[in-house]
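>>> Predicted model, plus sequence, below.
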Amino acid sequence: MNLVVKLSLVGLTCILAAVMIAGCAQNAPTQAPTETPTQTPVETKLQSNAEELIFIPSWPVKTVDPVKGGYLLLRYGIAETLIGVGEHGELIPCLATSWKVGEDGKTWTITLRKDVKFHDGSEMTAPVVSEYIRMSFNKTGIFKLVPIESIIAKDDYTLEIKTKTPFAPLPAYLAYYKSVILSPKSFDEEGNIVEVIGTGPYRLASWEPMKDAVLERFEDYWGKKAETKKIILKSVPDPRSRVPILLADSADVAQLLPPQSIPELEKSPDIEIIKYEITRVRMIQLNCLKEPFNDKRVRFALQYAIDRESIDKEILNGAGMPAGSLFPPLLIWANKELNPYPYNPEKAKKLLEESGWKDLDGDGVLENVNTMEEMVVKFITYQERAELPIIAEAIQHQLKKVGIKVELEIMSYAALKEIREKGDFDMILLGRGLFFVPDPDYNLMQDYYSSRKKAGWGAYGWNNETVDELLEKARETFDFDKRLEMYKKVQEIIYKESPVIVLDYYMNIDAVRKNVKGYEGHINEFCYHLERVYKVAES
């Protein structure tokens, strides 16, 4: 039976139209201009005084406070971090040219790039950066995540950061969007932001919450000067409205487009579609504190009872990729040997029977052979990520086929959080970002470490001593290859123990006009390098 036979066609259409509100890699190749028998088009960059790019971002600019909106400052080239993130999640130089840890494993020396200016013309130096980082880390809560003892300027271009204990992932926390470097003059005496004074290739010329923002090329940028003089970040909150704007040539680039818009966009000879996976997964958190998911065999059965490929093809229209490991395969930290569990309902039924669940009365619902209670699970998800309810319906239908009765509830994210804190659930379908800090430490410690202070969005009521030991050891191990093997082992344990069911990786769908060159996606959406993007004219 087709996966979506029992789903409302109208509801499916509406949900698909809004899927990419939720925002999840290889870019489609840029197509060459079409040749004609009489003339070969020649691409020429527009004159600089005529350069203007209209860019519809994934999210309108709500705030420029680094605590809440630092990711926007990074993505669109307004501000930068000391350390950057490459296309596979590797750390690369940015405002810092190098970093190294001393023999004690606690003293980090960070060499800053020279001749870097803030947008107000002042110079970026180690004393300025150290002052700002101390203030910023306190405000953003990074001091609670990283055991920092001191931050001092050794000279004009050398920063020294000492940690209380060896902490290998420190450089990744310096690439966190909350670690963007702004001039201290950006804030008033109370620490409130009054002006964004960054170092990026673009300066923020004007903005209002939820309205268009204007970026202007920063002529004194330390790196290669931006190709385009002016970029307008056009506020279009509804992804469905972005498609006609792009097709009408009223925008040059549009991000996070609805999956069902692909056929329409493909018909246009003037549009190029760019799809790429990002470090966000759709997954099911299981309550392992009670039946039935305190039994590993039942959790394992769920892995085989869910048809990931049908969900991605029939519901998401290709805007998802079936997942095995937590981390997508293009990421340097991924365990590429962990393939998605295949859809095998018969194997799921066998595992359930082995764990003591059989359909004793022939009504299609499993009963516990000891207590005679039916297998009924409470499955909750939230409407803010618009694709989740429709996926939850599909999973409800699939689990019914193996004898699991699912009571599905759709609610607000706030209501779901309250229910989760009380433990009044069996399954939660959610979207989880994995790489805000570009190192496995942040997500795995938040979601799978037994001694964490709060229950994360990963394992609930599931602990594993080996995982704990590996996470602790990885924090104080500075050899990349050794750390990688530790994190691969952690991923393998999670995969085999199944405290969560990892469904798929998000795919972003962006599109550009064919005369736009240089645009690329980014695996953790760290930065889109708009300084490389420009329009060409045919002559």
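Structure's in. What do you need?

>>> is it true that Ala153 lies in a strand?
Yes: per DSSP: H, G, I helix; E, B strand; the rest coil, Ala153 lies within a strand segment.

>>> Counting neighbours, what do you get for it?
Ala153 has 17 neighbours, counted by other CB atoms under 10 Å. Where you see a C-beta, it was placed from the backbone N, CA and C, and this is true even at glycine.

>>> Could you pull up the residues touching it?
Residues in contact with Ala153 (CB atoms under 8 Å, 6 or more residues apart in numbering) are 125-127, 129-130, 159-160.

>>> residues touching Ser498, list them.
Neighbouring residues of Ser498 by CB under 8 Å, 6+ apart: 286, 296, 299-300, 302-303.

>>> Can I get the residues you listed in a markdown table including neighbour count?
Converted to a markdown table, the contacts of Ser498 look like this (neighbours: other CB atoms under 10 Å):
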| residue | neighbour count |
| --- | --- |
| Leu286 | 25 |
| Lys296 | 16 |
| Arg299 | 22 |
| Phe300 | 21 |
| Leu302 | 25 |
| Gln303 | 22 |
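
>>> Quick check: of the residues you listed, which lies closest to Leu444?
Closest approach between the contacts of Ser498 and Leu444, by CB to CB: Leu286, at 17.2 Å.

>>> Can I take it that the closest one is in a strand?
Yes: Leu286 sits within a strand when classified using three-state DSSP.

>>> wait, it sits on Phe300?
No: shown here, Leu286 and Phe300 do not form a contact pair, counting by CB atoms under 8 Å, at 11.0 Å.

>>> now stretch 144-162: mean pLDDT?
Averaged across stretch 144-162, the pLDDT comes to 96.

>>> show me where pLDDT drops low in this protein?
Across the chain, the ranges flagged by pLDDT under 70 are 1-50, 538-539.

>>> Please name the residues that touch the closest residue to Arg242 other than its chain neighbours.
Spatially, and ignoring its direct neighbours in sequence, Arg242 is nearest to Ala254 (4.4 Å; CB to CB, 6 or more residues apart in numbering). Listed by CB under 8 Å, 6+ apart, the contact set of Ala254 reads 56, 236, 242-243, 245-246, 510-512.

>>> how does it look with 10 Å?
Counting by CB atoms under 10 Å, 6 or more residues apart in numbering, Ala254 makes contact with 54-58, 234, 236, 239, 241-243, 245-247, 261, 265, 271, 509-513.

>>> got it, and Ser241?
Contacts of Ser241 (CB under 10 Å, 6+ apart): 56, 254.

>>> what's it sitting at in phi/psi?
Note on Ser241: its backbone torsions stand at phi -80, psi -10 [degrees, to the nearest 10].

>>> before we move on, what about Glu418?
Dihedral angles for Glu418 - degrees, to the nearest 10 - are phi -60, psi -40.

>>> rewinding a little: let's see the ChimeraX selection covering just the buried ones among the contacts of Ala254.
Selection of buried members from these for ChimeraX, criterion 16 or more other CB atoms under 10 Å:
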select :54,55,56,57,58,234,236,239,242,243,246,247,261,265,271,509,510,511,512,513
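
>>> now, which of the contacts of Ala254 lie within helices?
Among these, DSSP state H puts 239, 241-243, 245-247, 265 in helices.

>>> list residues touching both of Leu286 and Phe300?
Common contact partners of Leu286 and Phe300 (CB under 10 Å, 6+ apart): 498, 501.

>>> All the helices of the stretch 301-450 of the chain, residue numbers only.
In the stretch 301-450 of the chain, the helices defined using DSSP state H, counting those that start in this stretch lie at 308-310, 345-354, 388-401, 413-422, 440-448.

>>> and these as TSV, adding mean neighbour count?
As requested, these are arranged in TSV below (neighbours: other CB under 10 Å):
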stretch	mean neighbour count
helix 308-310	18
helix 345-354	18
helix 388-401	20
helix 413-422	13
helix 440-448	22
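
>>> Which one, of those helices, ends up nearest to Gly458?
Nearest of those to Gly458, taken as CB to CB: helix 440-448 at 2.7 Å.

>>> My read is that Glu208 contacts Ser235, right?
Yes: between Glu208 and Ser235 there is a contact under CB atoms under 10 Å: 9.0 Å.

>>> Those two: who's more crowded?
Legend: neighbour count by other CB under 10 Å for Glu208 and Ser235, higher for Ser235 (18 against 9).

>>> Can you classify the residue nearest to Tyr202 when sequence neighbours are not counted as helix, strand or coil?
Leaving aside its sequence neighbours, Tyr202 sits nearest to Leu215 (CB to CB, 6+ apart; 3.9 Å). Three-state assignment for Leu215 (three-state DSSP): strand.

>>> burial count for Leu215?
Count around Leu215 with other CB under 10 Å applied: 26.

>>> so what's it bridging to?
On the basis of DSSP bridges, Leu215 is bridged to Leu204, Ile231.

>>> ok now do it, which residues does it touch?
Neighbouring residues of Leu215 by CB under 10 Å, 6+ apart: 53, 55, 76-78, 200-207, 226, 228-233, 530.

>>> Filter the residues you listed down to the ones in strands?
Mapping these onto strands (DSSP state E) picks out 53, 55, 202-206, 230-233.

>>> can you redo the residues you listed as CSV with distance to Asp115?
Formatted as CSV, those follow (distance: CB to CB, whole Å):
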residue, distance to Asp115
Leu53, 27
Phe55, 28
Tyr202, 18
Arg203, 17
Leu204, 22
Ala205, 23
Ser206, 28
Lys230, 25
Ile231, 24
Ile232, 29
Leu233, 28
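
>>> Show the buried residues in those.
Buried subset of the ones in strands among the contacts of Leu215 (neighbour count, 16+ other CB under 10 Å): 53, 55, 202-204, 230-233.

>>> circling back to that earlier point, can you add distance to Glu195 and give the helices of the stretch 301-450 of the chain back as a markdown table?
Formatted as a markdown table, the helices of the stretch 301-450 of the chain follow (distance: least, CB to CB, whole Å):
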| stretch | distance to Glu195 |
| --- | --- |
| helix 308-310 | 47 |
| helix 345-354 | 57 |
| helix 388-401 | 38 |
| helix 413-422 | 32 |
| helix 440-448 | 30 |
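
>>> which one of those helices lies closest to Leu174?
Once the helices of the stretch 301-450 of the chain are compared by CB to CB, helix 440-448 is nearest, at 12.4 Å.

>>> For the closest one, output the C-alpha coordinates as CSV.
Presented in CSV, the C-alpha positions along helix 440-448 are these (Å, rounded to 0.1, in the frame of the first residue of the first chain):
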residue,chain,number,x,y,z
PRO,A,440,31.0,16.4,18.2
ASP,A,441,31.6,17.3,21.8
TYR,A,442,28.8,19.9,22.1
ASN,A,443,25.9,17.8,20.8
LEU,A,444,27.0,14.4,22.3
MET,A,445,27.7,15.9,25.8
GLN,A,446,24.3,17.7,25.7
ASP,A,447,22.3,14.7,24.5
TYR,A,448,24.1,11.4,25.5
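
>>> What's the first helix or strand after that helix?
helix 465-475 (DSSP states H and E).

>>> list the helices and strands the helix or strand following that next one packs on?
The element immediately downstream of helix 465-475 (helix or strand, assigned by DSSP H and E) is helix 480-497. Helices and strands touching helix 480-497, by 3 or more CB pairs under 10 Å, 6 or more residues apart in numbering; DSSP states H and E, are helix 296-305, helix 440-448, helix 465-475, strand 500-513.

>>> Helix 480-497 vs strand 500-513, what angle?
In terms of direction (axes from the mean of the first three to the mean of the last three CA atoms, to 10 degrees), helix 480-497 departs from strand 500-513 by 120 degrees.
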